[in-house]
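Only the shape, not the letters, is given here:
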């Protein structure tokens, strides 16, 4: 089959949905013809602001998969912009039987970005049997759907619906969802929410729940001692966070928990990996010099960089990401792959990923003192840490990306037939 994978960004941009699309693209490309279409954005800021980071290379081959990146267009008169753009493709949309997008929905979806009209043209002019897009609320899903409906080919989306985030409760998103042939969810909780939120008749026939995966082989190559030696952590207790360093992901709450943790664990080290944000930088700067000495702060690290990211997971004593904006939380699986206990927020789909008291701990979102107490509990109890880490590892042994990609392939084939 010829398959178009459409995503808002792609490697070296790293987030859960980008990693998901990268893994299934590389594995399915061994048996099918995969093309990836995405924006040229490197960070999320680039979706709305021309000063954001971008990737100059338009066409590239990454691990044998062709990647086509398209420039993001910016309109400064945002109130007029969606109406103008809507008029441009209104005649195009009229050709699609039973597919109607109200002007307001069009507006709400496009302002999420990235707006890449050349990406839509590329999809319309390409040969494909299936179109699979991710993730909501980004406009790349709209372009995929328009293409599929015009050509009469199946469309799928993996929305990564962050249903605990009010931003995702926009009805324009639920109205868009109903037009996809298949909706692949990450968790039972996400499926349950979409069934009640979408208002789609017979939605049970559209939804397929497929959990996220992890590459165990990569983490088997990790060198934790090398990481600890290089960054002079030695035998100090280490807490790791890896992700977008914003409020939603819990990075700021984790920073704020440090002052409570050091009172009990005075030699603790907090390691942060991932793109920074203004809020994170301001919060970190506001800490005392003494507290900042307990922090190691890294930027974006490529997924396969064994020198930093993979080694950091193996070197950590605890992985903490008390987020309210994860549809699943692939990083928790990466920690489990290294036999590490995890701490997450008791919100959204996280309680389905972390079994509280068994392979990790759940805390209320945005409560630094409570978070610190959980960190202290695990750092003070090596036996409990080891038990939880082993429990997590046993869970992910059957969640390889190979296993996940075969499940998705079966869905493609069922739609193609």
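Here it is on my side, so go on. Keep in mind it's a predicted model, so treat the numbers as computed, not measured.

Show me the strands in the stretch 301-417 of the chain, by range?
318-321, 342-345, 360-363 (DSSP state E, counting those that start in this stretch).

out of those, which comes closest to residue 385?
strand 318-321 (7.1 Å; C-beta to C-beta). The way it works is simple: take the backbone N, C-alpha and C, and place the C-beta from them, glycine included.

any weak-confidence spans in the stretch 151-300 of the chain?
Along the stretch 151-300 of the chain, the model assigns pLDDT under 70 to no residue.

in it, which spans are strands?
So, for the stretch 151-300 of the chain - with DSSP E, counting those that start in this stretch - the strands run 155-157, 182-185, 207-209, 238-242, 269-273, 295-297.

Now mean neighbour count too, for those strands, in CSV please.
What follows is the strands of the stretch 151-300 of the chain, written out as CSV (neighbours: other C-beta atoms under 10 Å):
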stretch, mean neighbour count
strand 155-157, 25
strand 182-185, 22
strand 207-209, 17
strand 238-242, 25
strand 269-273, 22
strand 295-297, 16
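
Kindly report the domain assignment for the chain.
2-213+400-416, 216-396 (automatic domain parsing).

tell me how far the first one is from the chain's mean position?
So that's domain 2-213+400-416. Counting by C-alpha atoms, centre = their mean, to the nearest Å, domain 2-213+400-416 is centred 13 Å from the centre of its parent chain.

Residue 300 versus residue 215, what's the distance?
19 Å (C-beta to C-beta, to the nearest Å).

do residue 26 as well
Residue 26 is 20 Å from residue 300, by C-beta to C-beta.

cool, residue 61 as well?
21 Å.

Neighbour count for the two, which is higher?
Shown here are residue 61 and residue 300; by other C-beta atoms under 10 Å, residue 300 has more neighbours (17 against 8).

what's near enough to touch the closest residue to that one other than its chain neighbours?
In space, and not counting its chain neighbours, residue 300 is closest to residue 275: 5.4 Å by C-beta to C-beta, 6 or more residues apart in numbering. Neighbouring residues of residue 275 by C-beta atoms under 8 Å, 6 or more residues apart in numbering: 43, 244-245, 299-300.

mind running it again at 6 Å?
Residues near residue 275 by C-beta atoms under 6 Å, 6 or more residues apart in numbering: 43, 244, 300.

wait, isn't the first one in contact with residue 51?
This points to residue 43. No - counting by C-beta atoms under 6 Å, residue 43 does not reach residue 51; the two are 10.3 Å apart.

which of those two has more neighbours?
Using other C-beta under 10 Å as the criterion, residue 43 and residue 51 rank with residue 43 on top: 18 against 8.

Contacts only, for residue 206.
Residue 206 neighbours (C-beta under 6 Å, 6+ apart): 182-183.

can you offset everything so residue one is 54?
OK, 54 is where the count begins now, so the last one is residue 259.

where does it fall, phi/psi-wise?
phi -90, psi -30 (degrees, to the nearest 10).

hang on, the earlier thing: a markdown table please, covering the strands of the stretch 354-470 of the chain and showing distance to residue 273.
What follows is the strands of the stretch 354-470 of the chain, written out as a markdown table (distance: least, C-beta to C-beta, whole Å):
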| stretch | distance to residue 273 |
| --- | --- |
| strand 371-374 | 17 |
| strand 395-398 | 19 |
| strand 413-416 | 21 |
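
Next up, identify which helix or strand residue 185 is on.
strand 183-186 (DSSP states H and E).

What are the buried residues along that strand?
Buried residues in strand 183-186, counted by 16 or more other C-beta atoms under 10 Å: 183-186.
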